[in-house]
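Participant: Below: sequence and its predicted model.
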Amino acid sequence: MEPRAPLVPAKGALSIWRFPVAEALESQIDLTALPKEERLARMRHSAAHVLAEAMLELFPDAELGIGPPIDTGFYYDFRLPRALVPDDLVWLEERMRGSLAGRHPFVMSALTKDEAARRWAGQPFKLDLLADLEEGAVTQCTHAGFTDLCRGGHVAHTGEIPASFKLTSIAAAYWRGSEKNPQLQRVYGALFETAEELDAFERQLEEARRRDHRRIGRDLKLYDLFDEVGPGHVVWLPAGATIRRELERWIEDLELDRGYQHVRTPVVAKSELYKRSGHWDHYQEAMYPIMEREGEEYVLRPMNCPHHIMVFESELHSYREMPIRIAELGNMHRWEKSGQVSGMSRVRIMTLNDAHIFCTGIEQAESEVEGVLQLMEEVYGVLGLKNYRYRLSLGDPSDTTKYVHNPPMWEKGEALLRRVLQRARLPFHEAVGEAAFYGPKIDVQFQTAAGKDETLVTIQVDFHLPNQFGLEFVGEDGERHQPIIVHRGILSTMERMVALLIEEYEGNFPLWLAPTQAVVIPIADRHVEYAREVAAQLKSHRLRVEVDARNERMNGKIRDAQLRKIPYMLVVGDREAEAGAAAVRVRGGGDLGAVPVVEIAAELRRQRDEKSLMLWNHPAQ
RNA sequence: GCCGACGUAGCUCAGUGGUAGAGCAGCUGUUUCGUAAACAGCAGGUCGUCGGUUCGAAUCCGACCGUCGGCUCCA
């Protein structure tokens, strides 16, 4: 499988949007001389101005937020007297096209902070922006009688904005991205240089909708959700549970090979446990509410760490036993806010492929982190997933409520993780404010079909919990020492992993994961008996095979099997029954002709055991 | 959680104040068929829930529940 470019670039990602003041005042710009990225950014940002111009026509009292370019176009945030409706977008877009035809020049001018404060007196958000600007760096831009406080980055005139744009959606957005601030109405636009590129973008959106795990999950009967079971509480149907079981068996075997020990721990604990671990202070709003009986408080666990710490604590350990790798497919419960629960990728009850590695010290922790990265590369190689990036997720020293306060601990952890990434020569980026509350981590970020960034793998170095729980082991010197814990998830939660795989494979699972691996299709009723024999023979190799004995024509059965994305259709009629064979049809491929059943069994076993991404000379997808 | 839209049969959808519809899926029967949909019949809904307006509500209003698109948060 080739690496697939993200279908839809992340919406929030800002492109180049920084222009020195001197350059901003320059009105003569040769667009063709600019790199495409900057040219597009200028076009998109200019289009945002034109949108604001049209919006002021619709609502003269509109309060203006910001209107930056984004990777697929632009947006502009407004506070408006009423909610926008889709018809407003039609009207606004028409006005914008009128402004483009007018070829109005964008004219930048500089002004003092005092002048700007007077000029923008009626625009609270602009005043808020102005407060952060240095004297001498205040500029505004005028076109067609519309002026915006703006640092620049435009095209020369509105005629240079390509007509290949479209207002796409109305959304809500908090001012400056903080939920403490007022919520504004955001209008998104898509803008590309050519109509062909805009078309391609729209086709990508369509493609993303086709790959959506919620749609495919329903069509293939992988999972379901019920109002009365609750949002984010996934019901795995037999087909989806089969995929999950294969993944679980596989990862547990890989872990056993690498010296992990599996445990089973309860999904409920006394709140006391989480008070001690620190979850209570940093995580409580994300936990299910307390259950109280007989004067005791219990909670559903949001994380497995404290339970695995109990496993470590159940006896006194020697440095000779370490590292001790404790693993569990552990159920966790997190009270996600109602607006963010979605399909299987964002749920409230989930199973994490979790493990905690208890290490004697920095050196051992470092080597364990390396081992985890190697396991991760192996696992994702087998799954054929290549569309990911490493992120070093750091704490935010300025945020004392979100992270435990212990600067030396954070420094040690961050340095350790950075060293491992550098030694492994893995390209990574650093992100402040993305750490766990108890320590920094390496996250591996994947992109979903819809273009959203999701964390799958996470590796964390933790000096905090060993301290909270007073963990000890006996060292070579006979003294007591505090271990370091490496937390790690490889497959992520089973929910999120299966959601990602559905989208990655578009429901066309490789043989080893396919819920039904082959369906035997008798041509007429008299072939049903032979079909059952073929199926029995394959089932004796633990292949998941069905017989389609329905009263349908062969064509109909083939069509249904294709729609169910079953890897192999084994058509049997008189000729095949005679020869002890079946005509093999490959999903998405053609008829391979009759093949002896023993050979089919051998080939399918091989593909399954090798976890092949290919189906009998065809790509699995 | 916040803003907005949406909620009609298992699924996809039509129906905008006057007796609930279609296609697919399901069931029954006929057909026994060579690589992406045979034919016919039957059955299936207190229109998300609760309340209100009205002679009359799927349709208008309100609250709640859920879904979707964003924002914020996150495995």
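Facilitator: Nice, I can see it. Note that the structure is predicted; figures quoted are calculated from it, not measured. Numbers count the residues shown, from 1 in each chain, chains lettered A, B, ... in the order given.
Participant: got the residues of the stretch 301-450 of chain A near RNA strand B?
Facilitator: A:334, A:336-343, A:345-348, A:350, A:352, A:402, A:434, A:436, A:443, A:450 (Cβ under 7 Å from any atom of the strand). C-beta here means a position set from N, CA and C on the backbone, and glycine is covered the same way.
Participant: From those, list the buried ones, please.
Facilitator: Neighbour counting over those (16 or more other Cβ atoms under 10 Å) leaves A:334, A:336, A:341-343, A:345-348, A:350, A:352, A:434, A:436, A:443, A:450 as the buried ones.
Participant: ranges for the helices of the stretch 151-300 of chain A?
Facilitator: Listed in chain order, the helices of the stretch 151-300 of chain A (DSSP state H, counting those that start in this stretch) span A:195-211, A:213-219, A:238-257, A:271-277, A:279-283.
Participant: Low-confidence regions, chain A specifically.
Facilitator: Residue ranges of chain A with pLDDT under 70: A:1-28, A:619-621.
Participant: Look up how far A:K402 lies from the residue nearest to A:D396 when sequence neighbours are not counted.
Facilitator: Take A:D396 and drop its neighbours on the chain: the residue closest to it by Cβ to Cβ, 6 or more residues apart in numbering is A:G433, 4.0 Å away. A:G433 sits 8 Å away from A:K402, going by Cβ to Cβ, to the nearest Å.
Participant: shared neighbours of those two, anything?
Facilitator: When contacts are counted by Cβ atoms under 8 Å, 6 or more residues apart in numbering, A:G433 and A:K402 have A:395-396 as shared neighbours.
Participant: Could you pull up the residues touching the residue nearest to A:D396?
Facilitator: Applying Cβ under 8 Å, 6+ apart to A:G433 gives the contacts A:394-396, A:399, A:402.
Participant: Show the contacting residues for A:R214.
Facilitator: For A:R214, the contacting residues are A:342-344, by Cβ under 8 Å, 6+ apart.
Participant: Distance check, it against A:L64.
Facilitator: A:R214 is 36 Å from A:L64, where distance means Cβ to Cβ.
Participant: Neighbours of A:H307, how many?
Facilitator: A count of nearby residues for A:H307, using other Cβ atoms under 10 Å, gives 22.
Participant: Without its sequence neighbours, what residue ends up closest to it?
Facilitator: A:T265 is the one closest to A:H307 (Cβ to Cβ, 6+ apart), at 3.8 Å.
Participant: Name the residue of the stretch 1-150 of chain A that lies nearest to RNA strand B.
Facilitator: Relative to RNA strand B, the nearest point of the stretch 1-150 of chain A is A:A83 (3.7 Å; Cβ to the nearest atom of the strand).
Participant: Check the secondary structure at that residue for me.
Facilitator: Here A:A83 is recorded as coil under DSSP: H, G, I helix; E, B strand; the rest coil.
Participant: separation between it and A:F59?
Facilitator: Going from A:A83 to A:F59 by Cβ to Cβ gives 12 Å.
Participant: Compare the two (neighbour count), which wins?
Facilitator: Neighbours were counted for A:A83 and for A:F59 using other Cβ under 10 Å; A:F59 has more, 15 against 9.
Participant: who's in contact with the closest residue in space to that one that isn't next to it in sequence?
Facilitator: Spatial nearest neighbour of A:F59, excluding adjacent residues (Cβ to Cβ, 6+ apart): A:L80 at 5.3 Å. Counting by Cβ under 8 Å, 6+ apart, A:L80 makes contact with A:55, A:59, A:62-63, A:185.
Participant: Among the residues you listed, which one has the most neighbours?
Facilitator: Most neighbours among the contacts of A:L80, by other Cβ under 10 Å: A:M55, with 24 neighbours.
Participant: how about the nearest residue to that one, chain neighbours excluded?
Facilitator: Closest residue in space to A:M55, ignoring its immediate chain neighbours: A:A62 at 5.2 Å, by Cβ to Cβ, 6+ apart.
Participant: now do A:M310
Facilitator: Per Cβ to Cβ, 6+ apart, closest to A:M310 is A:T265, 7.2 Å.
Participant: For A:T32, see how far away that neighbour is.
Facilitator: Using Cβ to Cβ, we find A:T265 at a distance of 64 Å from A:T32.
Participant: Compare neighbour counts for those two and give me the winner.
Facilitator: Neighbour tally, A:T265 and A:T32, criterion other Cβ under 10 Å: the higher count belongs to A:T265, 16 against 6.
Participant: got the contact list for that one?
Facilitator: A:304, A:307-308, A:310-311, A:328, A:330.
Participant: Taking those, tell me the two that lie furthest apart.
Facilitator: Pairwise distances across the contacts of A:T265 (Cβ to Cβ) peak at 12.6 Å, for the pair A:M310 and A:G330.
Participant: Among the two, which residue is more densely surrounded?
Facilitator: The neighbour count for A:M310 versus A:G330, taken as other Cβ under 10 Å, is higher for A:G330 (23 against 16).
Participant: Isn't the more buried one up against A:L352?
Facilitator: Yes: A:G330 is within contact range of A:L352, at 5.4 Å (criterion: Cβ atoms under 8 Å).
Participant: Mutual contacts of the two, please.
Facilitator: Joint contacts of A:G330 and A:L352 (Cβ under 8 Å, 6+ apart) are A:N304.
Participant: Enumerate every residue touching the residue most central in space within chain A.
Facilitator: Closest residue to the average C-alpha location of chain A: A:E454 at 2.3 Å, with Cα atoms, centre = their mean. Neighbouring residues of A:E454 by Cβ under 8 Å, 6+ apart: A:345, A:445-448, A:496, A:500.
Participant: what sits opposite it in the beta ladder?
Facilitator: A:E454 forms beta bridges with A:F446, as assigned by DSSP bridges.
Participant: Tell me how far it lies from A:R346.
Facilitator: Distance from A:E454 to A:R346, by Cβ to Cβ: 9 Å.
Participant: between the two, what contacts are shared?
Facilitator: By the contact definition Cβ under 8 Å, 6+ apart, A:E454 and A:R346 are jointly contacted by A:R496.
Participant: would you put the C-alpha positions of stretch A:351-366 in CSV?
Facilitator: Once non-C-alpha atoms are left out, stretch A:351-366 reads as follows in CSV (Å, rounded to 0.1, in the frame of the first residue of the first chain):
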residue,chain,number,x,y,z
THR,A,351,-10.6,-0.6,25.5
LEU,A,352,-7.0,0.5,25.4
ASN,A,353,-4.1,-1.7,24.3
ASP,A,354,-2.3,-0.5,27.4
ALA,A,355,0.9,-1.4,29.2
HIS,A,356,3.0,0.0,32.0
ILE,A,357,6.7,-0.7,32.1
PHE,A,358,8.4,-0.4,35.5
CYS,A,359,12.1,0.6,35.0
THR,A,360,15.0,0.8,37.3
GLY,A,361,16.2,4.2,36.0
ILE,A,362,16.6,6.6,33.1
GLU,A,363,18.8,4.2,31.1
GLN,A,364,16.4,1.4,31.3
ALA,A,365,13.4,3.6,30.6
GLU,A,366,15.2,5.0,27.6
